[in-house]
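# Sequence first, then the predicted structure:
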Amino acid sequence: MTNSKKRTKPSVAKRAAGKSVVKKTQSRRPKPRPDPIETADPVTAGTEMVDGEALGPKADKIHKILANAGMGSRRDMEKALSDGRVKVNGEVAKLGDRATLQDELKLDGRTLKRNDGRTTRRILVYNKPEGEISSMKDPEGRPTVFNKLPKLKGERWINVGRLDINTSGLLLFTNDGELANLLMHPSSEIEREYAVRILGEVNIDMINRMHEGVELEDGLARFTDIQEFGGTGANVWYHVVVMEGRNREVRRLWESQGVQVSRLKRVRYGNVFMEPELRAGTWREMDRKEVDLVAKSVGLPPKAWASLFTKDAAGERLKKRSEKQRTRRHA
């Protein structure tokens, strides 16, 4: 077997067990504008202004409003509009329509609670095991990544990207549709790092081709970084980095070189690393500082934050359940 020449592992692949899961990174996006939560005039908040004069309530695109309210990703909300599942003031809305805070919005017959933008932003880190699918429901009755997540009142968890049923590792969830959209959008240039075990012989020519780019059925694809991480015989581990979340992209790139992926695990998404102490099938809530760092990485200002573990009876039950699931071994 001929392996690629070992190179010095880059900083993106370093692991610091016990340290914060979120690393500070330089934002690639333009410097964000001041947070409207802190600077907006309470009298004119939600009002469109021109030369200091109020023209009326500010109107935003409906799919953006729904996504920001945690009802799903922008893509999901665009589909909901196309399917006629959204109503504004009793009338079926269509893609591209706008609404204001004064308008009544309904999704699937459920009225959306409107506010002035002072929503709470939350993020969960989940260690997905193999065998779970990244959808809300499955017609075949298979377990989904949403089954073990804590429930939200009046909101939904939005998964930041997907992992196929045979892929394990880091999966992020948030209630902020705008944040989810930016983290997934190719223009944000968010790195996704995977640990992959390869069955078959790998040589330097194959490594170079995958680094330069391979034409797949849905276009050119490439790894921006490839590092060997050990192993013996026909099973060697590599760490690879991609910049977008195309379907089975990592697997298809390796298969294009005549080898098979026997194990695949996501270990990093942007500046968030998988924690070694987070067991498969369990989740952890990010604290305020971590959430703000993730938002900053895509040019978003801070938002209000509040822990899921409230001081009432429901919060205490959730805390005990979370501690229990994290201390028992996942079957």
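Yep, that arrived. Numbers count the residues shown, from 1 in each chain.
# do you know how far the residue nearest to residue 305 when sequence neighbours are not counted is from residue 93?
Among residues not flanking residue 305 along the chain, residue 288 sits closest, at 4.1 Å (Cβ to Cβ, 6 or more residues apart in numbering). C-betas here are computed from N, CA, C, even on glycine. The gap separating residue 288 from residue 93 is 35 Å, by Cβ to Cβ, to the nearest Å.
# for residue 275, same thing?
41 Å.
# Between those two, which has more neighbouring residues?
residue 93 (23 against 17; other Cβ atoms under 10 Å).
# Which residues are in contact with that one?
62, 81, 86, 87, 99 (Cβ atoms under 8 Å, 6 or more residues apart in numbering).
# Backbone dihedrals for it, please?
Main-chain torsions, residue 93, degrees, to the nearest 10: phi -90, psi 160.
# next one: the one 4 residues further on
Summarising the backbone geometry of residue 97 under the convention degrees, to the nearest 10, its torsions are phi -70, psi 160.
# I figured the residue nearest to residue 305 hits residue 304, correct?
No: counting by Cβ atoms under 8 Å, residue 288 does not reach residue 304; the two are 9.1 Å apart.
# between the two, who's got more neighbours?
Neighbour count, other Cβ under 10 Å: between residue 288 and residue 304, residue 288 has more, with 14 against 11.
# What's the local residue count around residue 95?
Residue 95, neighbours per other Cβ under 10 Å, totals 14.
# quick check: longest strand of this structure.
strand 260-269 (DSSP state E).
# From the contact counts, what lies against the next helix or strand after it?
The first helix or strand that comes after strand 260-269 along the chain, using DSSP states H and E, is strand 272-273. With contacts defined as 3 or more Cβ pairs under 8 Å, 6 or more residues apart in numbering; DSSP states H and E, strand 272-273 has these neighbours: strand 168-174.
# Outside of the strand it packs on itself, list whatever touches it.
121-130, 134, 145, 149, 157-161, 163, 180, 183, 194-195, 264-269, 272-274, 280, 283, 294.
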